[in-house]
Every structure is written in C-alpha cells, then in structure tokens.
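Enquirer: with the sequence up front, the predicted model follows.
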Amino acid sequence: MDGNETFTRRQFLATGAAGAAALTAVGEAVAQAPAQTQKFHVKPAPGEIFIDHGINQETRLETLRGYLTPASHFFVRQHATTPVIDARTWRLRIEGNAVERPFELGFEDLLRLPSRSVTCFVECAGNGRGFFKEFMGKVASGTQWRLGGIGVAEWTGVPLGAVLELARVKRDTPRDILNVLVEGLDSVKVNRPLSLAKAFEDDTLLAYAFNGEPVPPDHGFPVRAIVPGWVGISNIKWVGRIEVRDSVIDVPTTTKTYVLDGPDYPSKVVLRQQTIKSAVALPWPATLAAGRQRVRGFAWSPVGRISRVEYSLDRGATWQPAALRE
Ligand SMILES: Nc1nc2c(c(=O)[nH]1)N[C@H]1C(S)=C(S)[C@@H](COP(=O)(O)O)O[C@H]1N2
Ligand SMILES: [Mo]
C-alpha cells in the first residue's frame, strides 16, 4: 500500500460510494504489488526496521519514535500469506447455537454502525521468547522474538458487542468461558475464542482503521479484531466469521498452542491476558560505550497506565526511577 495515500478519518468513515471506491483502490494496489519482493507480506520489511524471522517480522524497537507505531514499522506475525481481500465482496457471518438471529453483514453495513477509537498495543504471546534459554534454562519453541513483537496503534471500528447484539446473543449464554470464536479468512483460517464478557467490553472492536487509515493488508484488511490486553492471537486479522456457542469452543490455538502446559503446569493455562513488560530500545546486542548515556525504552501493561519504571545498572542490586514520557 502506498503510505502517502492518506485517508482522513472523516473521509474514511464516509459510507457513500466514494468511500467504497477509495477502499477498492487500496485492494487493487495490493493485488498489483510485485510478488517477488515479499513472499509472505504485502508491505516491504527492510532489515533496518525489522528483524527477519521468515514469515514473521519483528520491529527493531530502537527505530521507533513517538507513541504510535506506523504501519511501516508494525511487527507482522501470521501463520500463512497475507490474503488479498476485496472490501466490496467481504462478508462477515455471525452464527452459533447461542445466537437467536444468525446473519451476515458487508463492509458498508459495518461502516454504518456507531464507531469508536481505541489506542492499544497488539503483542504476540511469544514476545520475549528469545530470552527463554538465558533466563529459564530451556529453549521455548517458536519464533525467537526478542522484545519487538509488539506495536501500538489507534484502532477504529465497531464494538464487537454491538455486532453480537444484532445477532441477539441468548441471555443465558455463559460469559466467562472461551465461547466466542473469531475466525480469519487467511488460507489456514486461523481462529481463537474469547469470552462473551471480553467480547462485550466497550474497547473490544471489529476494527477497520489503523492510525486513521484503512487497516493495512498485513494487519487484517478490511477488518480485524482488537481485544485490548489479550495475547496477540486473540486479535484475529481478516475476520470473516464469528461463532457464539453455549459451551467452550476448543480449537488448536487454545488446546495446542498459546497454552502453558507441561511439568510446570499441573493444570493447563489457556493464555488470555498479557503480562506487564518493559524493554530498552537499543540495537541488539545492546552494548553501550562507557560514560553517560541517554537510554530510551518502553513499558506496557494490559490493564492500565504505567505509573512507574525503574532501572538498574548493577544487575538488580539497586534501582533508579526512569523519566516517563507518554
Ligand atoms: N487470521 C489471522 N489472525 C491473526 C494471526 C494469523 O495468523 N491469522 N496471527 C495472530 C498473532 S499470533 C498475532 S501476534 C497477531 C499479530 O498481528 P500483526 O501481524 O498485525 O502484528 O495477529 C494475530 N491474528
Ligand atoms: Mo502471536
């Protein structure tokens, strides 16, 4: 996608033919992108900005400036190639034995519903996994992320709860089990359930805009789920189907992957909410010359604002407060 093709929010939210045409143009630009430059992603992933993990691209945190992560720098994590989806023919189906009125809606229908903007991070559950061996004494399988498997954006879309309401979720549906399955339109149809309680939180969105522009193809065009604070996998890209059931929906992303299992976990833990983390933004391996240095970094929480960050220069013996910016 041409990064200069700016889309103001007002233009974007215009639900008329002009809006549809503009979105279509984005879709076509994607289809014409030269196939040989990127095998898995539509956007370029230059080595100065990303650490290349093959199909996955990790953001070099030291290249970030400001609070929001632009599309050019936002990490990419997916199980298959970015699908090319035409917003004009895109449909979302809401179904399942816990809805009274299964139905389908198109992109224009979604744009007509009341919208909301939420600024939050999407972070891969495995972010930081590359340090597992050093700190835990064993290798964790999967992409060996350092700490750049995270990005922050302003997401605009329709609260998922409002769409589920249109399908009339049955009153007695359990609220805290994983029974709301969100499914992608990628070739392998990646899907993962969340709870009805989380689905009905105001900030849980079916997002169609990313930092005021259409969601970039690699990040879920035309519509992705935004489930603030929950592991990256809950934020399903290229959403095409949602199923609400009266019982737990077991899928590989809750039975095989994104679970804590094994000798240390007598009862399996299905990952939902992320944990608090922080990182310094230095080029790896993060060595500094002796002397006074200004070091930048990030701290993030799944539940609220960061109130305090401390750093240690002597491997944890003493701690100093860091200055917080945003
Ligand atoms: N349809 C679909 N959605 C998906 C995935 C996927 O492979 N397919 N990967 C998930 C994972 S594991 C993560 S961490 C985030 C990454 O989002 P991003 O690529 O926009 O950074 O998307 C999630 N949503
Ligand atoms: Mo992930």
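Expert: Structure received. Ligands and ions are numbered 1, 2, ... in the order given.

Enquirer: for stretch 278-295, give me every contacting residue.
Expert: Taking contacts as CB atoms under 8 Å, 6 or more residues apart in numbering, the residues outside stretch 278-295 that touch it are 51, 60-62, 64, 146-148, 296-300, 309, 311. Any C-beta I mention is one placed from the backbone N, CA and C, and that applies to glycine too.

Enquirer: can you point out the buried residues in that stretch?
Expert: Buried positions in stretch 278-295, judged by neighbour count with 16 or more other CB atoms under 10 Å: 279, 281-282.

Enquirer: the host helix or strand of residue 240 vs ligand 1: in contact?
Expert: Assigned by DSSP states H and E, residue 240 belongs to strand 239-244. No: against ligand 1, strand 239-244 shows no contacts by CB under 6 Å from any ligand atom, the least distance being 7.6 Å.

Enquirer: dump the helix or strand that comes right after that strand to PDB, restricted to CA.
Expert: Note on strand 239-244: by DSSP H and E, the next helix or strand toward the C-terminus is helix 252-255. Taking Å, rounded to 0.1, in the frame of the first residue of the first chain, the C-alpha atoms of helix 252-255 are listed here in PDB:
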ATOM      1  CA  PRO A 252      -5.800 -25.700  18.300                       C
ATOM      2  CA  THR A 253      -5.000 -22.200  19.400                       C
ATOM      3  CA  THR A 254      -6.500 -23.000  22.800                       C
ATOM      4  CA  THR A 255      -5.600 -26.700  23.100                       C
END
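
Enquirer: how about helix 252-255: buried residues?
Expert: For helix 252-255, a neighbour-count test (16+ other CB under 10 Å) marks 253-254 as buried.

Enquirer: quick one: name whatever helix or strand follows it.
Expert: Criterion used, DSSP H and E; the element after helix 252-255 is strand 259-260.

Enquirer: average pLDDT for that following strand?
Expert: Confidence over strand 259-260 (mean pLDDT, whole number) is 94.

Enquirer: whatever helix or strand comes next after it pairs with which strands?
Expert: Per DSSP H and E, the first helix or strand lying C-terminal to strand 259-260 is strand 269-270. With DSSP bridges as the test, strand 269-270 is paired with strand 259-260 (antiparallel).

Enquirer: hmm, the strand it pairs with touching ligand 1?
Expert: No: if you take CB under 6 Å from any ligand atom as the test, strand 259-260 misses ligand 1, and the best it gets is 13.3 Å.

Enquirer: identify the residues contacting that strand?
Expert: So strand 259-260 is contacted by 268-271 (CB under 8 Å, 6+ apart).

Enquirer: could I get these as CSV with pLDDT and neighbour count?
Expert: Shown next, in CSV, are the contacts of strand 259-260 (pLDDT from 0 to 100; neighbours: other CB atoms under 10 Å):
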residue, pLDDT, neighbour count
268, 94, 11
269, 97, 10
270, 98, 17
271, 98, 20
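
Enquirer: related to what we said a few turns ago, as TSV, the buried residues of stretch 278-295 with distance to ligand 2, pLDDT and secondary structure would be great.
Expert: TSV is the format used below for the buried residues of stretch 278-295 (distance: CB to the ion, whole Å; pLDDT from 0 to 100; DSSP: H, G, I helix; E, B strand; the rest coil):
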residue	distance to ligand 2	pLDDT	secondary structure
279	17	94	strand
281	21	94	coil
282	23	93	coil
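
Enquirer: ranges for the helices of this structure?
Expert: 9-13, 17-31, 107-112, 132-136, 160-166, 196-199, 252-255 (DSSP state H).

Enquirer: weakest of those in terms of mean pLDDT?
Expert: Among the helices of the chain, helix 17-31 carries the lowest mean pLDDT (a mean of 35).

Enquirer: so where's the chain shaky on pLDDT?
Expert: The chain contains residues with pLDDT under 70 at 1-38.

Enquirer: near ligand 2, which residues of it are found?
Expert: Neighbours of ligand 2 within the chain, by CB under 5 Å from the ion: 77, 124, 232-233.

Enquirer: closest one of these to residue 315?
Expert: Set against residue 315, the nearest of those by CB to CB is residue 124 (27.3 Å).
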